[in-house]
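Peer 1: dropping a prediction and its sequence here:
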Amino acid sequence: MRAFSYEKASSPADAAAAAARSPDAKFIAGGTNLLDLMKLQIETPTHLIDVNGLGLDKIESSPDGGLRIGALVRNTALAADERVRRDYAVLSRALLAGASGQLRNRATTAGNLLQRTRCPYFYDTAQPCNKRRPGSGCSALGGFSRQLGVVGISDACIATHPSDMAVAMRALDATVETVKPDRSTRSIPVADVHRLPGNTPHVETVLDKGELITAVTLPKPVGGTQIYRKVRDRASYAFALVSIAAIVQRDGSGRIALGGVAPKPWRVETAEAELPRGAKAAAEAILADAKPTRENAFKLPLVERTLGAVLAQARG
Ligand SMILES: Cc1cc2nc3c(=O)[nH]c(=O)nc-3n(C[C@H](O)[C@H](O)[C@H](O)COP(=O)(O)OP(=O)(O)OC[C@H]3O[C@@H](n4cnc5c(N)ncnc54)[C@H](O)[C@@H]3O)c2cc1C
Ligand code: SF4
């Protein structure tokens, strides 16, 4: 690990200002992703700003009937919250499908959203990777791509976003709140937080330098049967090959977001009109622009079958 300096911020705005002052600064929350990347020298920040202890660890009911989740709320606390379990069950289920109890005790809401891909070549510093070293090439194209993306990808990068929680937040139409170094704040729909790779796969989000996530807000509950189904190689401690966050209403309408298939939580609102026609029609519409590799083409029928199982479960 490279040497770095460390400070504890005293307020969210001060944390953002401190990050803007240092050219290679990073925020550290639970550290469960960042520290691993630093040990491998994939991330080499020269300055760490600890955002624990800023009072961003509360879950509060909002005046519009929704929920405001502080950026530092641990995954365990969020999954266990009575309001989340009752009104946003898809979120609780997605969180519990991720990582392990020990990791969830440490991992935070913001850190989970901003965790980086699990593409094996991103972690192998001996291999070319456009995301790690822009312009060096993509080893996954023509390489081992079983776990990687089929839709929203580009010729420069086919990595997936690994978060389970973010997939549920996409289905719930969550909004991310931030503060910038100049103390201005903004709200970004979670749908717009992660960028598609295009020619710049190393630029993963729309966040500006030093912009700190302070909270994630959920709109008032939409009811329905809420399901998170994750298909993976092992029953625990594995990232999704395919996952589905579903909110299905009695009349068969609903919302579907996919994990494990794209560089960001994947939701195609127009495709949801196909849901009453069944899994095949909906899956085809959601993955209309898919460009799988030979190794991960199995994900297309897997999405359809997983969606079939989800819809059957929703029908009871
Ligand atoms: C063995 C293992 C298995 C795992 N399995 C799964 C799984 O199945 N599903 C899943 O979803 N995840 C899984 N994870 C990933 C885990 O969920 C993430 O590592 C965790 O959520 C990251 O949260 P953190 O608070 O530790 O983030 P950190 O490591 O502290 O930070 C991650 C990134 O977010 C940035 N950041 C943190 N807080 C803020 C903020 N407030 N504003 C702006 N930027 C911020 C940091 O600078 C850093 O770039 C696994 C991890 C491990 C190690
Ligand atoms: S898929 Fe993306 S992360 Fe993986 S090797 Fe290619 S550029 Fe790197």
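Peer 2: Received the coordinates, thanks. What you are looking at is a predicted structure, and each value in this text was computed from that prediction instead of being measured. Ligands and ions are numbered 1, 2, ... in the order given.
Peer 1: so where do the helices sit in this structure?
Peer 2: Ranges of helices in the chain, per DSSP state H, are 12-21, 34-39, 75-80, 82-87, 89-96, 101-106, 109-113, 120-123, 165-171, 190-193, 279-286, 299-315.
Peer 1: for the closest residue to ligand 2 within the stretch 201-316 of the chain, which non-adjacent residue is spatially closest?
Peer 2: For the stretch 201-316 of the chain and ligand 2, the shortest gap (Cβ to the nearest ligand atom) falls at Pro201, measuring 5.2 Å. Just so you know, the C-beta spots here come from the backbone N, C-alpha and C atoms, and that holds for glycine as well. With Cβ to Cβ, 6 or more residues apart in numbering as the criterion, Pro201 has its nearest non-adjacent residue at 3.4 Å, and that residue is Cys157.
Peer 1: contact partners for that neighbour?
Peer 2: 130-131, 138, 140, 197, 201, 263 (Cβ atoms under 8 Å, 6 or more residues apart in numbering).
Peer 1: and the residue of the stretch 201-316 of the chain closest to ligand 2, its phi and psi?
Peer 2: phi -60, psi -10 (degrees, to the nearest 10).
Peer 1: shift numbering so it begins at 53
Peer 2: New numbering, starting at 53: the last item is Pro253.
Peer 1: contact residues of the stretch 253-368 of the chain facing ligand 1?
Peer 2: Within the stretch 253-368 of the chain, the positions adjacent to ligand 1 are 264-265, 289, 291 by Cβ under 6 Å from any ligand atom.
Peer 1: among the residues you listed, name the buried ones.
Peer 2: Buried by 16 or more other Cβ atoms under 10 Å: 264-265, 291, out of those.
Peer 1: export the residues you listed to a markdown table and tack on pLDDT?
Peer 2: Listed next are those as a markdown table, based on pLDDT from 0 to 100:
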| residue | pLDDT |
| --- | --- |
| Leu264 | 98 |
| Ile265 | 98 |
| Phe291 | 97 |
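Peer 1: residues of the stretch 153-302 of the chain that sit close to ligand 2?
Peer 2: Close to ligand 2, as judged by Cβ under 6 Å from any ligand atom, the stretch 153-302 of the chain has residues 169, 171, 173-174, 181-183, 190-192, 200, 209-211, 253.
Peer 1: what do you get if the cut-off is 8 Å, keeping everything else the same?
Peer 2: Contact residues, the stretch 153-302 of the chain versus ligand 2 (Cβ under 8 Å from any ligand atom): 169, 171-174, 179-184, 189-193, 195, 197, 200-201, 205, 208-211, 249, 253.
Peer 1: and of the residues of the stretch 253-368 of the chain next to ligand 1, the nearest to Asn104?
Peer 2: Of all these, Asn104 sits closest to Leu264, with 12.6 Å by Cβ to Cβ.
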